[in-house]
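> Just a sequence and a predicted model for now, questions to come.
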Amino acid sequence: MPDISVGAQVFDLCFHPTSSLLYTGLLTGDVKALAYDDQGNHEAKFNLRPSKRSCRALCLSEDGSTLWAGGKSKAIYAIDTTTGVVVETKNGAHDSPINRMRKLTQHTLVSGDDDGVIKLWDNRKPDGAIRAYTHHFDFISDFLYLDNKKHLVSTSGDGTLSVVDIRSKKTEPYAQSEDQEDELLSVASIRGGNKFVVGTQIGILSVFNKSSGWGDCVDRIPGHPSSIDTLCNLPSRYPSAHSTLLTGSSDGLVRAVQLFPTKLLGIVADHGEFPVERVVVDQAGEGEWVASVGHEEGVKLTHLREVFEDENEDEQDEDQDQGQSDQDEEHSDGDDHQVAAAPSPKHLVTVDMTGVGEGNVDTDGKQDTDDEEDADSSDEDEVEVERTRKRKQKEHDPLTAGRRKKGRNEIDADGAFFADL
């Protein structure tokens, strides 16, 4: 689908949970609603400007009937998505510009501002916020809500992550991490909500384990050359969704990164020189379209099928021919051992990333390499299996992508990125 131009820089966006509608908050203060279809067509549904100040944060009700907007005006606006009209305004909701918002339950909404203040709102109580939390002292960058525990996880530019129990009347956090010595910019859950990944300013993914507490991260995964400004989960229908995230970086690339084991699965979108501010999947995170925005005056929509499910037919034929050839070689040697190919989703590229992660470090602290495996192996069958694996990895090596026919959705990435992995 071609990029959707909206006429100004997009600060935030969100999808309608059930319909093919996209809402954008712009630098000019406008809120625009756009309809789209699978053929790449789109049209404007409504455009309103509740404030002349920039609109930085958007969130939708569970049924998509109400859209809340906030930003530099320090007010919160409730918009009827059917009519495109502001139905409620909370003037002076914050003392500083609002940076992030999130709908928590049917009646509760949370907002965070540039000074680190978090406010909890109940739409049944129009007088004001029901609680305000002031334990952060720098901008609130992201929210994550854990519905089973009624816990709100927030990240901040002050370098800490905090957890608030929204059922408690206390204004102190349930837990707060130690200073991570870097700005925390985004947060998402993996492994069914047992682990939490935080994107940082220096490009490291910090992993928190709920069973180990919130005091400090338990893993740090390097690899991104620039800050990780946004994180988004992959739809659950993909086999690796439980440990795969879409990352938006300030180098302009949206990547699919699998954790445990740590792999770069591919480049989803390229915004060129513009930093990626937001990445969202439609249909409440279970759809087929990924929307990403940078500092351009538009939205880039990418179909997940093109990235993860379509693969160049020539490459498939080559893989099948190579696999058949390998099996024929084994049979010719009189060995009854069969090489079984492990099932995996179809990705653009599958590249092992160095860094801390499960399964890539020996007990003695030394990283495994293919050469060491060949040297230590005394069984000829194991050596043959290893050689087969090497050949298949070489065919998918992104550094040699220019030597073969390029897939229709592959993107040329800077080779310097892989040098840092």
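Received the coordinates, thanks. Residues are numbered from 1 along each chain as shown.

> could you check the distance from residue 56 over to residue 264?
For residue 56, the distance to residue 264 equals 30 Å [C-beta to C-beta, to the nearest Å]. Yep, even glycine has a C-beta here, placed from its N, CA and C like the rest.

> State the mean pLDDT of stretch 131-147.
Mean pLDDT, stretch 131-147: 97.

> Can you point out the buried residues in that stretch?
Within stretch 131-147, the residues that count as buried by 16 or more other C-beta atoms under 10 Å are 131, 133, 135, 136, 139, 140, 141, 142, 143, 144, 145.

> JSON lines please, covering these and showing distance to residue 248 and secondary structure.
JSON lines is the format used below for the buried residues of stretch 131-147 (distance: C-beta to C-beta, whole Å; DSSP: H, G, I helix; E, B strand; the rest coil):
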{"residue": "131", "distance to residue 248": "31", "secondary structure": "strand"}
{"residue": "133", "distance to residue 248": "27", "secondary structure": "strand"}
{"residue": "135", "distance to residue 248": "27", "secondary structure": "coil"}
{"residue": "136", "distance to residue 248": "22", "secondary structure": "coil"}
{"residue": "139", "distance to residue 248": "17", "secondary structure": "coil"}
{"residue": "140", "distance to residue 248": "18", "secondary structure": "strand"}
{"residue": "141", "distance to residue 248": "13", "secondary structure": "strand"}
{"residue": "142", "distance to residue 248": "12", "secondary structure": "strand"}
{"residue": "143", "distance to residue 248": "16", "secondary structure": "strand"}
{"residue": "144", "distance to residue 248": "16", "secondary structure": "strand"}
{"residue": "145", "distance to residue 248": "20", "secondary structure": "strand"}
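
> Show me which of those is closest to residue 103.
residue 145 (8.4 Å; C-beta to C-beta).

> Leaving out sequence neighbours, find the closest residue to that closest one.
In space, and not counting its chain neighbours, residue 145 is closest to residue 104: 5.2 Å by C-beta to C-beta, 6 or more residues apart in numbering.

> cool, residue 152 as well?
Per C-beta to C-beta, 6+ apart, closest to residue 152 is residue 164, 4.6 Å.

> my guess is that neighbour is in a strand, correct?
Yes. Counting by DSSP: H, G, I helix; E, B strand; the rest coil, residue 164 is part of a strand.

> What strand or helix carries residue 247?
Element membership for residue 247, per DSSP states H and E: strand 244-249.

> quick one: strands adjacent to that strand?
strand 228-233 (antiparallel), strand 253-258 (antiparallel) (DSSP bridges).

> Redo those as JSON lines? Include mean neighbour count and mean pLDDT.
Converted to JSON lines, the strands paired with strand 244-249 look like this (neighbours: other C-beta atoms under 10 Å; pLDDT from 0 to 100):
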{"stretch": "strand 228-233", "mean neighbour count": "23", "mean pLDDT": "96"}
{"stretch": "strand 253-258", "mean neighbour count": "24", "mean pLDDT": "94"}
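
> closest one to residue 10 among those strands?
Nearest to residue 10, of all those, is strand 228-233, at 12.3 Å by C-beta to C-beta.

> Give me the distance between the closest one and the centre of its chain.
Remark: strand 228-233 is offset 3 Å from the chain centroid, using C-alpha atoms, centre = their mean, to the nearest Å.

> Identify the residues contacting it?
Residues from elsewhere that reach strand 228-233 (C-beta atoms under 8 Å, 6 or more residues apart in numbering): 142, 185-190, 197, 199-200, 203-205, 241, 244-250, 275-281, 285, 290.

> for stretch 161-178, same thing?
Here stretch 161-178 makes contact (C-beta under 8 Å, 6+ apart) with 104, 108, 110, 118, 120, 131-136, 149-156, 160, 180, 184, 187, 198, 208, 213-217.

> Now intersect those with the strands, please.
108, 110, 118, 120, 131-133, 151-156, 184, 187, 198, 208 (DSSP state E).

> which of those residues are buried?
108, 110, 118, 120, 131, 133, 151-156, 184, 187, 198, 208.

> My guess is residue 30 contacts residue 46. True?
No. If you go by C-beta atoms under 8 Å, residue 30 and residue 46 don't touch, sitting 10.3 Å apart.

> Between the two, point out the one with more neighbours.
Between residue 30 and residue 46, counting by other C-beta atoms under 10 Å, residue 30 is the more crowded of the two (20 against 16).

> mind pulling up the phi and psi values for that one?
Main-chain torsions, residue 30, degrees, to the nearest 10: phi -70, psi 150.

> and it, what does it touch?
By C-beta under 8 Å, 6+ apart, the residues touching residue 30 are 8, 47, 48, 49, 55.

> which one of those residues has the most neighbours?
When neighbours are counted by other C-beta under 10 Å, residue 55 leads the contacts of residue 30 with 28 neighbours.

> what is that residue paired to in the beta sheet?
Assigned bridge partners for residue 55, using DSSP bridges, are residue 71.

> Using neighbour counts, trim the contacts of strand 228-233 to the buried set.
142, 185-190, 197, 199-200, 203-205, 241, 244-250, 275-281, 290.

> shaky segments in the stretch 301-421 of the chain?
Applying pLDDT under 70 to the stretch 301-421 of the chain picks out residues 309-421.

> wouldn't residue 277 be in contact with residue 11 here?
Yes. Counting by C-beta under 8 Å, residue 277 does reach residue 11; the two are 6.8 Å apart.

> For the residue nearest to residue 149 when sequence neighbours are not counted, the count of nearby residues, please.
Leaving aside its chain neighbours, residue 149 sits nearest to residue 165 (7.7 Å; criterion: C-beta to C-beta, 6+ apart). Neighbour count for residue 165, taken as other C-beta under 10 Å: 16.

> likewise the one 4 residues further on?
Residues lying near residue 169 (other C-beta under 10 Å) number 7.

> now it: how far from residue 214?
Distance from residue 169 to residue 214, by C-beta to C-beta: 21 Å.

> again, but for residue 98
Residue 98 sits 25 Å away from residue 214, going by C-beta to C-beta.

> same thing with residue 71?
Applying C-beta to C-beta to residue 71 and residue 214 gives a distance of 29 Å.

> and those two? which has more neighbours close in?
Neighbour tally, residue 71 and residue 214, criterion other C-beta under 10 Å: the higher count belongs to residue 71, 27 against 21.
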